[in-house]
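Participant: Just a sequence and a predicted model for now, questions to come.
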Amino acid sequence: MMNLAGKTAIVTGSGSGLGRALAIALTTAGCNTVCVDINASGLEETAKMAEGLPGSVAIITADVTDAEQVDLVMKEALDSFGRLDFLINNAGTDFTLPVSELTIEQWDRVISVNLRAPFVFSKAAMAIMRQQGGGHIVNISSTAGKRAWANASAYHASKWGLIGLTRAVGVEGRPYNIRATLVVPGGMQTAFFDRLEEKPDPRNLQDPGAVAQAILNVLSMPEGSVVQELIVTPLTETSWP
């Protein structure tokens with residue numbers, strides 16, 4: 001397995017939830033982790049949690065839907081650590097409304113954060129990775145990209161689209177030693193469900209740290225192989241065989 005110490009990773013949405021768990025796991029493994037989120041206080045909390053770990057942490061408050069800010073994130077990563085080995089597109093949002101009530105502005109926001117931002121970040125990262133001889137891009141989808149339920153049309157569309165984007169990045173990156181992985185997590189113990197009136201049974205949700213560890217295993221794959229898709233669900237999630 002590849003040693004991750006000294007590698008540089010960008011993690012979007014790392015001010016909470018899975019993004020925070022990923023930042024902590026990567027830094028524990030010795031990575032230089034660039035944490036990106038629109039939530040400045042969340043980023044500061046992530047940085048505090050990473051204090052004393054083997055790797056280094058840089059935090060950048062940015063809107064992932066703003067292409068100019070994405071360019072600044074890339075510049076900061078290179079200025080701080082000299083290279084970019086891993087990009088993890090994790091930032092996500094949703095409005096839990098039926099199609100009849102979802103506004104066009106809300107639809108556009110979900111698609112922009114969940115699908116457009118990974119494209120913009122991947123486009124910028126691939127240019128860097130091509131020059132340095134390789135890298136790995138991980139896109140965090142969801143079981144919402146594999147099956148559908150009510151009141152999540154924009155979320156479903158964005159997560160289904162992310163599957164296609166990841167496949168395309170993998171095909172186009174292959175000649176340049178750029179690997180691409182789609183991660184499909186099941187329900188996690190994060191604040192994602194806080195806004196819902198009917199919340200899932202917490203006993204059927206998994207620790208985001210477990211998903212983060214699975215992703216680290218994917219990033220550690222020996223050169224010449226790639227995990228193209230990883231599905232990680234709670235053991236008790238009954239919607240999967």
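Facilitator: The structure has been received and is ready for your questions.
Participant: now the helices for this protein?
Facilitator: With DSSP state H as the criterion, the chain has helices at 17-28, 40-49, 67-81, 104-111, 117-132, 153-173, 208-219.
Participant: Deepest in the core, which of those helices is it.
Facilitator: Among these, ranked by average contacts under mean count of other Cβ atoms under 10 Å, first place goes to helix 17-28 (a mean of 26). Every C-beta, even on glycine, is put in place using the N, C-alpha and C of the backbone.
Participant: hang on, the earlier thing: can you lay out the helices of the chain as TSV showing mean pLDDT and distance to V183?
Facilitator: Below are these laid out as TSV (pLDDT from 0 to 100; distance: least, Cβ to Cβ, whole Å):
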stretch	mean pLDDT	distance to V183
helix 17-28	97	9
helix 40-49	97	19
helix 67-81	97	20
helix 104-111	98	19
helix 117-132	98	12
helix 153-173	97	9
helix 208-219	96	6
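Participant: so which of those helices comes closest to I10?
Facilitator: helix 67-81 (5.7 Å; Cβ to Cβ).
Participant: Check which helices and strands that closest one sits against.
Facilitator: strand 8-12, strand 32-37, strand 57-61, helix 117-132 (3 or more Cβ pairs under 8 Å, 6 or more residues apart in numbering; DSSP states H and E).
Participant: what residues does the longest strand seen in the chain touch?
Facilitator: Secondary structure of the chain per DSSP state E: the longest strand is strand 178-185. Strand 178-185 is contacted by residues 18, 126, 129-130, 134-143, 145-146, 162-163, 166-167, 169-170, 172-173, 206, 208, 211, 214-215, 218, 221, 226-233 when judged by Cβ atoms under 8 Å, 6 or more residues apart in numbering.
Participant: Tell me which strands it pairs with, and in which orientation.
Facilitator: strand 135-140 (parallel), strand 229-232 (parallel) (DSSP bridges).
Participant: Would you tell me which one of those strands is buried the most?
Facilitator: Comparing these by mean count of other Cβ under 10 Å gives strand 135-140 as most buried, with a mean of 26.
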